[in-house]
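Chemist: Sequence and predicted structure, then a few things I'm wondering about:
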Amino acid sequence: MNVLNDLPNARTYEELPVAVRVRRGEGELILTTLRPHGGFGCQPPNLQSNPAGIYLLRGLMR
């Protein structure tokens with residue numbers, strides 16, 4: 001497992017991974033606790049209308 005990004009927890013200030021890359025056989029999986037597709041509150045309703053989410057996913061896929 002390769003940690004791609006750490007952020008501090010807002011309650012404990014402990015740095016925890018928010019994105020990791022897992023290699024399995026010939027494949028690769030990226031797991032994240034972030035919400036690049038939006039959908040909550042005043043966030044964009046989907047990925048197509050969220051340029052920051054698209055930018056994040058493109059960066060993670062490099």
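Modeler: Perfect, thanks for sending it. All values derive from a computational prediction rather than experimental measurement.
Chemist: Phi, psi for residue 47 please.
Modeler: In terms of degrees, to the nearest 10, the main-chain angles of residue 47 are phi -70, psi -40.
Chemist: Okay, it and residue 4: tell me how far apart.
Modeler: Here residue 47 is placed at a distance of 19 Å from residue 4 (C-beta to C-beta, to the nearest Å). All C-beta spots, glycine's among them, are computed from the backbone N, C-alpha and C.
Chemist: Identify, by residue count, the longest strand of the protein.
Modeler: Criterion DSSP state E: the longest strand present in the chain is strand 15-24.
Chemist: quick one: strands adjacent to that one?
Modeler: Each strand paired with strand 15-24, and its direction, by DSSP bridges: strand 2-8 (antiparallel), strand 27-32 (antiparallel).
Chemist: what about dumping the CA coordinates of the last one to PDB?
Modeler: In PDB, the C-alpha atoms belonging to strand 27-32 read as follows (Å, rounded to 0.1, in the frame of the first residue of the first chain):
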ATOM      1  CA  GLY A  27      -3.800  -4.200 -11.400                       C
ATOM      2  CA  GLU A  28      -4.000  -1.100  -9.200                       C
ATOM      3  CA  LEU A  29      -6.700   0.300  -7.000                       C
ATOM      4  CA  ILE A  30      -6.900   3.900  -5.700                       C
ATOM      5  CA  LEU A  31      -8.900   4.300  -2.500                       C
ATOM      6  CA  THR A  32      -9.900   7.700  -1.100                       C
END
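Chemist: Go ahead and measure how far that strand is from the middle of the chain.
Modeler: 10 Å (C-alpha atoms, centre = their mean, to the nearest Å).
Chemist: hang on, the earlier thing: which residues in the longest strand of the chain does the neighbour count mark as buried?
Modeler: 19, 20 (16 or more other C-beta atoms under 10 Å).
Chemist: and it, how far out from the chain's middle?
Modeler: 9 Å.
Chemist: what about residue 50, how many neighbours?
Modeler: For residue 50, the number of neighbouring residues by other C-beta atoms under 10 Å comes to 19.
Chemist: That one: what's it in contact with?
Modeler: Contact analysis of residue 50 by C-beta atoms under 8 Å, 6 or more residues apart in numbering lists 36, 37, 38, 43, 44.
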